[in-house]
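A.B. asks: Need coordinates for the following:
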Amino acid sequence: MDWLEYVPVKKALSWTDAELYPLDQVHAAMQAKAQKAVENLPKAKYVVFTEPLTAALRTQFPADLSFLEGVPGINYKDRTVTFPAKTYREAYDGIVKLIQVAGLGRLKLVQEYLAQSEQGPQIIKEVRAYMLKKYEDWLAGKWDPDAEPKKEEKAGLKYFGAR
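C.D. replies: Residues are numbered from 1 along each chain as shown. Down below sits the predicted model:
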C-alpha cells in the first residue's frame, strides 16, 4: 500500500518505554504527510473481500490459542487459528472474540509466578475462596456472571484504550 503515509511520533526505548518526539515536529510532519496522502489519492486502492472467507488470527507471546487445537470448526497450526466465516462482519466479530480468549495465555505466566512466589500459596487460597463465594452467590441468585460490568471512567487519561 504505497499510497499510505506514516508519521513516527515516538522512539521505542524498550518493550515498555518510548521517547516522544517534539510535538511541533510531529505536527509539521503530519501536515506534510497529509498533503502527500491527498496527492496520492488517485493511486489509492481498496481491498475487496470475497465472501464467504477464511479468517485467521496469529498470536504472539504471551497470547495463546493452542488450547483450541482440536475444537471442531477451528483449525490451529503454528500459533494461528483459522475459521470459516460467511461474511466479513462475522469474521471480524470472531477475531475480536479470539483476541479476548488469546489473552488468557497470560494466566500461564501468573500461575508460574504464583508457584514460585513466597506469597503464592496464600494468594491461591484467597482466589479459591473468592471463586467459591462467587459460586455460592450465583447459586443463591445474588450474582449474575453474565451481567454487564460497571464501566468506570478514568479521569485525566488521554490515550487510546483509556475507558
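
A.B. asks: what's the residue closest to the geometric middle of the protein?
C.D. replies: The C-alpha lying nearest the average C-alpha coordinate of the chain belongs to I99 (C-alpha atoms, centre = their mean; 5.2 Å).

A.B. asks: Remind me what the strand or helix carrying that one packs against, helices and strands.
C.D. replies: Assessed by DSSP states H and E, I99 sits inside helix 88-102. If contacts are counted by 3 or more C-beta pairs under 8 Å, 6 or more residues apart in numbering; DSSP states H and E, helix 88-102 sits against strand 53-58, strand 80-85. Every residue, glycine included, has its C-beta placed from N, CA and C.

A.B. asks: show me what contacts the closest residue to the residue nearest to the centre of the chain other than its chain neighbours?
C.D. replies: Nearest non-adjacent residue to I99, counting by C-beta to C-beta, 6 or more residues apart in numbering: L57, 6.8 Å away. Contact analysis of L57 by C-beta atoms under 8 Å, 6 or more residues apart in numbering lists 65, 80-81, 95, 98-99, 102.

A.B. asks: if we take those, which one ends up nearest to Y21?
C.D. replies: I99 (29.3 Å; C-beta to C-beta).

A.B. asks: Please tell me the pLDDT value assigned to Y159.
C.D. replies: pLDDT recorded at Y159 is 59.
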